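Student: After the sequence you'll find the predicted model.
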Protein chains: 2
Amino acid sequence: MKTENHELLLEQKGLKKTKVRMALIQHFMGMDHAQSYSDLQEAFATEVDKSTLYRNLTSFEKAGIIHRINDHSGVSKYAFGESPIRGNEHAHFVCECCETVYCMEGLAPSQLKVPKGFKTNKVQTIIRGICAAC
Amino acid sequence: MKTENHELLLEQKGLKKTKVRMALIQHFMGMDHAQSYSDLQEAFATEVDKSTLYRNLTSFEKAGIIHRINDHSGVSKYAFGESPIRGNEHAHFVCECCETVYCMEGLAPSQLKVPKGFKTNKVQTIIRGICAAC
DNA sequence: TATTAAATGCAACTTAGTTGCATTTATATA
DNA sequence: TATATAAATGCAACTAAGTTGCATTTAATA
């Protein structure tokens, strides 16, 4: 039995290989844009319980498999890969037309000046505009 | 009877001068950092109805008296002044210690490169770090 | 002072997300 | 392969943010 990439990923992170998790990872790997809870729920053939889904999103996030994005829409979105504030620095692009959120790899945010007494740790950037699909 | 700054502001924007609005504006003018719904509710001596408060926040935002900030905490925060995406370009500073959000006036967000087919309209910047009070 | 449109308060609702607990399942070990 | 066990799942009940419809009140204006 061939060991798939996503199985390996779960193993590496010390997470059990369950049906929900395999489906989740596979889904994230095939997506070029961030997914909300409802995006994910819709994507699965068999309904997954709300709490199970949220709990897996949380443990994936902790393990660094996915990262959470807040695009100001009111709902969190998740995308494959390490968080921009934990190593993999990148900006997020929010399409003003279709609300899709993309990770913009390789965009290092500029260092900005802050007032006396303030200390900058990380800079998070959200780009708003129109995506290639719109 | 002396006309205060905040009364003038409401008049200019064509908004009725009500008790709640006067208190709200006065509160925002005296604050150096952004306020959440619960911050505001706590700040008022006489309890204001939830819907009234939210409706006023919305109309103030439309009028450009305040702007809404997404600090990635999950709850919206509001600060005095025009929005960064509507004229008054500025970054927001989120303190990782006390969660306080400040407007960083005079910080123009940098223009970032995006892939072919993507068109940038606005860049929103969030700076994470430690504030002067912490 | 009377009129009126807008603001308020109340209750009921929606949606995102969380928590406690009983049941099930993946993994490790005998 | 069977068994023990810790973790994952499903379910129900809950919280918190924010919205909406409607009746009542209030600010502005004539």
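Tutor: Yes, it's here.
Student: May I ask which helix or strand encompasses A:C134?
Tutor: For A:C134, there is no host helix or strand (DSSP states H and E).
Student: ok, it touching A:E99?
Tutor: No - if you go by C-beta atoms under 8 Å, A:C134 and A:E99 don't touch, sitting 10.1 Å apart. In short, each C-beta sits where N, CA and C put it, glycine included.
Student: Could you give the average pLDDT over the strand or helix carrying A:M22?
Tutor: Assigned by DSSP H and E, A:M22 falls within helix A:19-29. Averaging pLDDT along helix A:19-29 yields 94.
Student: which helices and strands sit right next to it?
Tutor: Applying 3 or more C-beta pairs under 8 Å, 6 or more residues apart in numbering or on different chains; DSSP states H and E, we find helix A:19-29 packed against helix A:5-12, helix A:37-43, helix A:50-63, strand A:76-80.
Student: Which residues does the residue nearest in space to the middle of chain A form beta bridges with?
Tutor: Centroid-nearest residue in chain A, with C-alpha atoms, centre = their mean: A:A79, separated by 2.1 Å. Beta-bridge partners for A:A79, by DSSP bridges, are A:H67.
Student: how close does it get to A:E105?
Tutor: 11 Å (C-beta to C-beta, to the nearest Å).
Student: What residues does chain A have near DNA strand D?
Tutor: Residues of chain A lying close to DNA strand D (C-beta under 7 Å from any atom of the strand) are A:15-16, A:18-21, A:48-52, A:55-56, A:59, A:74.
Student: Any of those residues buried? List them.
Tutor: Buried by 16 or more other C-beta atoms under 10 Å in any protein chain shown: A:15, A:21, A:48, A:56, out of the residues of chain A next to DNA strand D.
Student: Relative to B:Q124, which of those is nearest.
Tutor: Minimum distance to B:Q124 across these is 29.1 Å, recorded for A:N56 (C-beta to C-beta).
Student: I figured A:V48 was touching A:S38, is that so?
Tutor: No - assessed by C-beta under 8 Å, A:V48 is found out of contact with A:S38, at 11.9 Å.
Student: circling back: what is the orientation angle of the helix holding A:M22 with helix A:50-63?
Tutor: 60 degrees (axes from the mean of the first three to the mean of the last three C-alpha atoms, to 10 degrees).
Student: from the middle of its chain, how far away would helix A:19-29 be?
Tutor: 13 Å (C-alpha atoms, centre = their mean, to the nearest Å).
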